[in-house]
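Participant: pasting the structure only:
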């Protein structure tokens, strides 16, 4: 400061000499300069004019209760004062005579404590055109060497440009404004990619939703609060609609977020999906004598949900697709009227008489993927076909003598099994001993009876 003011004074003197102006070099009242020693609480007022005489310096203070500083000494170059008090503004009136004319200069001098510099500013939010830093109580801020102020948001900046943000503690009644701390912040570059397509639905349950994952794309289910590259969202509420959006990924440290697409709304299921299992399918064959050369009826009950007619997305079922007999590879079809019980029939063949014949049933695992245009459940095959082997006992070949033999077998069965059994059931509760005892009593009673007289016949 001293050197600058001396140069300015010299420059003014040179200009006045060149112009012939009859004005003293100190018409601007640049008589003195000063330097405070904050730690020692001393003041040096330096004389800037060598030919000035009759120097006089007086002080007023604010607050008025504070005494004026004490003059230690005066030299040809300066005045030295001590006993200054922190938190005081000293107004010094300096009077000096130069070439017979009095010149006056007023100095306003504050003696405050020196505050420490705060920690560096912390960027709070950065976009391509704005920088916001955290607000710190008692501080002021500026950007790129501009004016100090209380604003913590700096706007209208160029994308991808670097800026120096400074922060210092404000001056108070007892402290000077602190030295500044700073941080260099670069605004984000503009978004470089467009908008991706809406997310593609893949699967859902009553607690999850899955969309197709795409490299370089991220998804949000909470209106952009959080983002993830995985297409699976878990921990959701049942029977609830969720909006899912997508955007291209980016480096958030240097680039502004890419724009998101319009949301696709997906509703979770109302209940857990039915998990069908192959082991729950049931196989039955016609009862009675199954002749090798006659048709045998079979049926398969598919594993479907109990509420089959209230199917929802994600339910599965195992249904028979076809069956083969023994070692044959011929595929035989089933028929069904309700989608739950599937029926078919086959002739084992004379070569399979009196055998335990394998029936290989091939199943499709089906998954419901919503409704068709008629509002009916729409099913698709899910996974590879699976098989399970069941067995049917096949009897002899049927011939013309089979009925005759069976007729006599039925008669023999009646005579030697059914009839004796029926008689046994009839008399099993009959009291034979009581009956015999009654007959015996009856015979005793008849011993004295004139049977001839009863019959009207002659006696012997």
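Facilitator: Arrived safely. None of the values given here were measured: they were computed from a predicted structure. Residues are numbered from 1 along each chain as shown.
Participant: rest of the way, CA atoms for contacts and neighbours
Facilitator: OK.
Participant: Can you measure across stretch 48-56, start residue to end residue?
Facilitator: By CA to CA, to the nearest Å, the extent of stretch 48-56 from end to end equals 14 Å.
Participant: can you map out the strands along the stretch 251-400 of the chain?
Facilitator: 264-267, 282-285, 296-301, 316-325, 332-333, 341-346, 355-371, 377-381, 386-394 (DSSP state E, counting those that start in this stretch).
Participant: Out of those strands, which one sits most buried?
Facilitator: Among the strands of the stretch 251-400 of the chain, strand 316-325 has the highest mean neighbour count (mean count of other CA atoms under 10 Å), at a mean of 23.
Participant: which residues are in contact with that one?
Facilitator: 273-278, 281, 300-305, 330-334, 340, 342, 348, 357-368 (CA atoms under 8 Å, 6 or more residues apart in numbering).
Participant: What of stretch 340-356?
Facilitator: Here stretch 340-356 makes contact (CA under 8 Å, 6+ apart) with 291-304, 319-320, 325, 333-336, 357, 391-397.
Participant: any low-confidence regions in the stretch 51-200 of the chain?
Facilitator: Counting by pLDDT under 70, the stretch 51-200 of the chain contains no low-confidence range.
Participant: give me the low-pLDDT residue ranges for the stretch 301-450 of the chain?
Facilitator: The stretch 301-450 of the chain contains residues with pLDDT under 70 at 400-410, 412-450.
Participant: Apply 50 and report the result again.
Facilitator: Within the stretch 301-450 of the chain, no range satisfies pLDDT under 50.
Participant: Buried residues in stretch 167-180, which are they?
Facilitator: The neighbour-count check on stretch 167-180 (16 or more other CA atoms under 10 Å) flags 167-171, 175-178, 180 as buried.
Participant: what bridges to the most centrally placed residue in the chain?
Facilitator: Closest to where the C-alpha atoms of the chain average out (CA atoms, centre = their mean) is residue 233, at 5.7 Å. Applying DSSP bridges to residue 233 gives these bridge partners: residue 209.
Participant: do you know how far it is from residue 204?
Facilitator: As judged by CA to CA, residue 233 and residue 204 stand 9 Å apart.
Participant: now the residue lying closest to residue 265 once chain neighbours are set aside: how far from residue 32?
Facilitator: Closest residue in space to residue 265, ignoring its immediate chain neighbours: residue 243 at 4.4 Å, by CA to CA, 6 or more residues apart in numbering. Taking CA to CA as the measure, residue 243 falls 74 Å from residue 32.
Participant: where exactly do the strands run in the stretch 51-200 of the chain?
Facilitator: Under the criterion DSSP E, counting those that start in this stretch, the stretch 51-200 of the chain carries strands at the ranges 53-62, 70-74, 78-82, 88-98, 101-111, 113-114, 123-126, 131-133, 139-143, 153-154, 162-169, 175-176, 181-186.
Participant: of all these, which lies closest to residue 40?
Facilitator: Nearest to residue 40, of all the strands of the stretch 51-200 of the chain, is strand 78-82, at 8.2 Å by CA to CA.
Participant: what pairs with the closest one, and is each one parallel or antiparallel?
Facilitator: Paired strands of strand 78-82, with direction, are strand 42-47 (antiparallel), strand 70-74 (antiparallel) (DSSP bridges).
Participant: Run the chain-centre distance for stretch 139-158.
Facilitator: Here the centre of stretch 139-158 is set off from its chain's centre by 37 Å, with CA atoms, centre = their mean, to the nearest Å.
Participant: Pull up the distance across that stretch, start to finish.
Facilitator: Span of stretch 139-158 from end to end, CA to CA: 26 Å.
Participant: What are the buried residues along that stretch?
Facilitator: For stretch 139-158, a neighbour-count test (16+ other CA under 10 Å) marks 139-143, 152-153, 157-158 as buried.
Participant: I'm done for today, thanks for sticking with me.
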